[in-house]
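# Give me a 3D structure for the following:
(chains A and B)
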2 protein chains.
Amino acid sequence: MNILITSGGTSEKIDQVRSITNHSTGQLGKIISEKFLEAGFSVTLVTTPTAVQPKAHPFLTKVFINNVAELQTVLEKETPTHQVLIHSMAVSDYSPVYMTGFHAVKEATNLEQFLHQTNQESKISSEEDYQVLFLKKNPKLISLVKAWNPDIRLIGFKLLVDVSQDQLLSVARASLEKNQAEMIVANNLSEIQDGKHRAYLVTKDATRIAETKLDIAQKIFHHITNKG
Amino acid sequence: MNILITSGGTSEKIDQVRSITNHSTGQLGKIISEKFLEAGFSVTLVTTPTAVQPKAHPFLTKVFINNVAELQTVLEKETPTHQVLIHSMAVSDYSPVYMTGFHAVKEATNLEQFLHQTNQESKISSEEDYQVLFLKKNPKLISLVKAWNPDIRLIGFKLLVDVSQDQLLSVARASLEKNQAEMIVANNLSEIQDGKHRAYLVTKDATRIAETKLDIAQKIFHHITNKG
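Next up, the predicted model:
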């Protein structure tokens, strides 16, 4: 069984010196990777240059990406040759389209024009007191996975902030169904700190609770290997 | 002589899970720090958690910051007790103020309202195809340094992208004068790659060229210690 794991957070460039980054240390993806490697599985880890990395292992292949477009290219290529995808990467929802000074936006008669412009300068000038950045939604890669490999077993992740447990579980169940996932690991940023990492592992039939990253990794491992 | 060095790149939060980050590995600040430490100077290094770090040293004090507001607090406190500031950190020019969907902006009669709003949600929703982020200029900390310590010897940095050497040197000379700096280290992103790092060390009387990070660190060191 070949395991495909994504880990870390993507970055989308504003220009050559600035990016919008989704925070993720990659620690959870590292621990999940190590769990499967120790048990003798082949792991392909799609990660970023700044994420923490598992130790080198003969069954580990790493592929580095920076942004959503690169992640899409890699996942489209890799999903058909893997039986499981554990998609723990924090993926940018939006990518910068165009940045300009506030006055240009204020004086424009048609704001749509800015959705189709591109900054020509490599480092956007910083003279005005206010700037405006237009962003475009990225494709939701998790919803494309089953088109690339209908048989892949998909484990998705959902991170929300300051929501009730009911809301979190409701969002997780909707994602489970929409993306034809086998499990959604739902977590609340306020419950991740000081070595603790509470997560709700939502499947069609049950919701299990894990309290640390290692606990999450072990529960995912058992789920995959017991049913696999 | 106490040396204050800044290194790495600041990040400004959009919400709890996303930031705008200025790219900088911190490699140059690390090398400059090591150069002064080896020669027996006390170094206070202001850096970020993700920047590369010098090895531990009995004369090294590290202070960690994430964003421009924290950097300002630290520099205001530290400059009066240091004789030299080498300000190699990549500092964010702008901080996010408010992010909202494109339609809300399009339908607003007065865009200024968005410059005074704050996102209440901890993770901004990602439903609309386009979003708009309003940003506010940060204070230029380099221009405040002499108010905090008129006697401090200031070395500033200027990174531009895809400009001619004439433009770069002209911007460096303007910065030298405006910020009452003793030297501006000017560099062009396209001349930093594969172990090479060309920089123009601009002082009132001369412009010296360095070709690697170590060369930059050595030339700064000699400048400070020969005149000091």
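
# going on from the lowest-mean-pLDDT helix or strand in chain A, what's the next piece of helix or strand?
Lowest by mean pLDDT, DSSP states H and E among the helices and strands of chain A is strand A:192-193, with a mean of 88. Next helix or strand after strand A:192-193 toward the C-terminus (DSSP states H and E): strand A:196-197.

# who's in contact with the very next helix or strand once past that following strand?
Counting by DSSP H and E, the next helix or strand C-terminal to strand A:196-197 is strand A:199-202. For strand A:199-202, contacts defined as C-beta atoms under 8 Å, 6 or more residues apart in numbering or on different chains pick out A:165, A:168-169, A:172-173, A:176, A:183-187, A:207-210, A:216, A:219-220, A:223. In this view, the C-beta of every residue, glycine as well, is placed from N, C-alpha and C.

# strands paired with the helix or strand just after strand A:199-202, and their directions?
Sequence order places strand A:207-210 as the next helix or strand after strand A:199-202, per DSSP H and E. Strand pairing for strand A:207-210, using DSSP bridges, gives strand A:199-202 (antiparallel).

# Please point out which parts of the strand it pairs with sit buried.
By neighbour count with 16 or more other C-beta atoms under 10 Å in any protein chain shown, strand A:199-202 contains the buried residues A:Ala199, A:Tyr200, A:Leu201, A:Val202.

# Next, give me the two most distant ones among the residues you listed.
Spatial extent of those (C-beta to C-beta) is set by the pair A:Ala199 and A:Val202 at 9.5 Å.

# Isn't A:Val17 up against B:Val161?
Yes. Under the criterion of C-beta atoms under 8 Å, A:Val17 makes contact with B:Val161 at 6.6 Å.

# So those two - more neighbours on which side?
A:Val17 (20 against 16; other C-beta atoms under 10 Å in any protein chain shown).

# Report the contact partners of that one.
Counting by C-beta under 8 Å, 6+ apart, A:Val17 makes contact with A:Lys123, B:Asn22, B:His23, B:Ala90, B:Leu159, B:Val161, B:Leu189.

# which residues sit in contact with the closest residue to the fifth one other than its chain neighbours?
Just to be clear, that refers to B:Leu159. Once flanking residues are discounted, B:Leu159 sits nearest to B:Asn187: 5.6 Å by C-beta to C-beta, 6 or more residues apart in numbering or on different chains. Neighbour list for B:Asn187: B:Phe157, B:Lys158, B:Leu159, B:Leu160, B:Leu168, B:His197, B:Arg198, B:Ala199, B:Tyr200 [criterion: C-beta under 8 Å, 6+ apart].

# Pipe those into TSV and attach pLDDT per row.
Below are the contacts of B:Asn187 laid out as TSV (pLDDT from 0 to 100):
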residue	pLDDT
B:Phe157	97
B:Lys158	95
B:Leu159	93
B:Leu160	91
B:Leu168	95
B:His197	94
B:Arg198	95
B:Ala199	97
B:Tyr200	97
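
# What pLDDT does the model give the closest residue to A:Thr10 other than its chain neighbours?
Distances taken as C-beta to C-beta, 6+ apart put A:Ser92 closest to A:Thr10, at 4.7 Å, once the chain neighbours are dropped. You'll see A:Ser92 listed with a pLDDT of 93.

# close enough to count as contact, A:Ser92 and A:Asn22?
Yes. With contact defined as C-beta under 8 Å, A:Ser92 counts as touching A:Asn22 (5.2 Å).

# who touches both of those two?
By C-beta under 8 Å, 6+ apart, A:Ser92 and A:Asn22 have these common neighbours: A:Gly9, A:Thr10, A:Ser11, B:Arg18.

# Report how many residues lie close to the third one.
Other residues within reach of A:Ser11 by the criterion other C-beta under 10 Å amount to 23.

# Would you mind naming the residues that bridge with it?
A:Thr21.

# show me the residues around it that make contact.
Contacts of A:Ser11 (C-beta under 8 Å, 6+ apart): A:Ser19, A:Ile20, A:Thr21, A:Asn22, A:Thr48, A:Asn66, A:Asn67, A:Ser92, B:Thr21.

# Pull out the buried positions in stretch A:114-125.
Buried residues in stretch A:114-125, counted by 16+ other C-beta under 10 Å: A:Phe114, A:Lys123, A:Ile124.

# Now the phi/psi pair for the first one, please.
Backbone dihedrals for A:Phe114, given as degrees, to the nearest 10, come out at phi -70, psi -20.

# With B:Asn110 as the reference, measure out to it.
18 Å (C-beta to C-beta, to the nearest Å).

# again, but for the second one
Note on A:Lys123: its distance to B:Asn110, by C-beta to C-beta, is 31 Å.

# So A:Leu133: helix, strand or coil?
strand (DSSP: H, G, I helix; E, B strand; the rest coil).

# wait, what's in contact with it?
Shown in contact with A:Leu133 (C-beta under 8 Å, 6+ apart): A:Ile14, A:Pro96, A:Tyr98, A:Met99, B:Val132, B:Leu133, B:Leu135.
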